[in-house]
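In: Sequence first, predicted model second:
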Amino acid sequence: MYQDVLKAIAERCSIRSYKSEPVSRELLDQLLAAAVQAPSARNSQPWHFSVVQDEKLLTIINQEVAAELGRFDDIFYQAPLVIFLSADPQGGYSRIDCGIAVENIALAAQALGLGSVILGMPSHAFKGEKADWLRQRLRFPRGYDFMIAIAIGWPAAGKDPHPVDPGKIDLIEPLGSDD
Ligand SMILES: Cc1cc2nc3c(=O)[nH]c(=O)nc-3n(C[C@H](O)[C@H](O)[C@H](O)COP(=O)(O)O)c2cc1C
């Protein structure tokens, strides 16, 4: 069981190509259970999850991002499911809490055989002309704004995990008598 967690962490990678097959309600419920089980500062659970499986709405969001950036990229990679996390941007740890929750979803997706990619790009849609309409359409609670999103689906192509840099880690020695 615990080895399964390490396996999911080691094998998760960002998937940017999906089959059109939808994610079942049963799997979606497991992803959302993993999301709300995430830890948060003072257990404040400051997040809101907007589950979108509507291609039309995702296209509108994609178009809003394109309008802001002045170029069109397929930011959702045609994934059949995207979960948007919103929170109060003034909340002290709300961004960190949402980051942890989105990783819980990514690891749960991996454990279920699904692929996922965490998405910051949709943030641009919440600065443009339709920003208020979008916040309402995605039922962000009052005062909440976009934090992060995650696209999920059945992978159409695999990918190797990214190379790691051991130089990012220092093992700090205990204080000696000279310190
Ligand atoms: C906060 C955050 C925002 C990201 N935003 C995007 C994004 O908008 N589009 C995208 O294709 N990937 C996005 N990614 C995925 C990263 O590019 C990816 O995690 C990184 O390249 C490492 O690759 P891996 O996930 O395959 O290990 C994001 C990841 C994080 C953590």
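Out: Nice, I can see it.
In: Report pLDDT for the residue nearest the centre of the chain.
Out: Geometric centre of the chain, nearest residue: Ile150, 3.2 Å, by CA atoms, centre = their mean. On the pLDDT scale, Ile150 is placed at 99.
In: Distance of it relative to Val82?
Out: 7 Å (CB to CB, to the nearest Å). C-beta coordinates here come from the backbone N, C-alpha and C atoms, glycine included.
In: follow-up on the earlier one: ok but the residue nearest to the centre of the chain is inside a strand, no?
Out: Yes. Judged by DSSP: H, G, I helix; E, B strand; the rest coil, Ile150 forms part of a strand.
In: which phi and psi does Ile73 have?
Out: Quick fix: residue 73 reads Asp, not Ile. phi -120, psi 150 (degrees, to the nearest 10).
In: what's the answer for the one 10 residues further on, then?
Out: Main-chain dihedrals, Ile83, degrees, to the nearest 10: phi -110, psi 120.
In: and what of Glu55?
Out: Glu55 adopts backbone torsions of phi -60, psi -40, taken as degrees, to the nearest 10.
In: got a list of contacts for the longest helix seen in the chain?
Out: The helix spanning the most residues in the chain, taking DSSP state H as the definition, is helix 94-111. Contact with helix 94-111 is made by 4-5, 8-9, 11-12, 30-31, 33-41, 44-47, 49, 83, 85, 87-89, 91, 115-116, 118, 147-150, 152, as judged by CB atoms under 8 Å, 6 or more residues apart in numbering.
In: cutoff 7 Å now
Out: Outside helix 94-111, the residues that touch it by CB atoms under 7 Å, 6 or more residues apart in numbering are 4, 8-9, 11-12, 30-31, 34-35, 37-41, 46-47, 83, 85, 87-88, 115-116, 118, 147-148, 150, 152.
In: So for that helix, what gets flagged as buried?
Out: Residues 94, 97-111 are the ones in helix 94-111 that count as buried (16 or more other CB atoms under 10 Å).
In: For the protein, give me the ranges with low pLDDT.
Out: For the chain, the stretches flagged by pLDDT under 70 are 1.
In: Go again with 50.
Out: By pLDDT under 50, the chain has no low-scoring segment.
In: Walking through it, point out its strands one by one.
Out: Assigned by DSSP state E, the chain shows strands spanning 47-52, 81-87, 115-119, 145-153.
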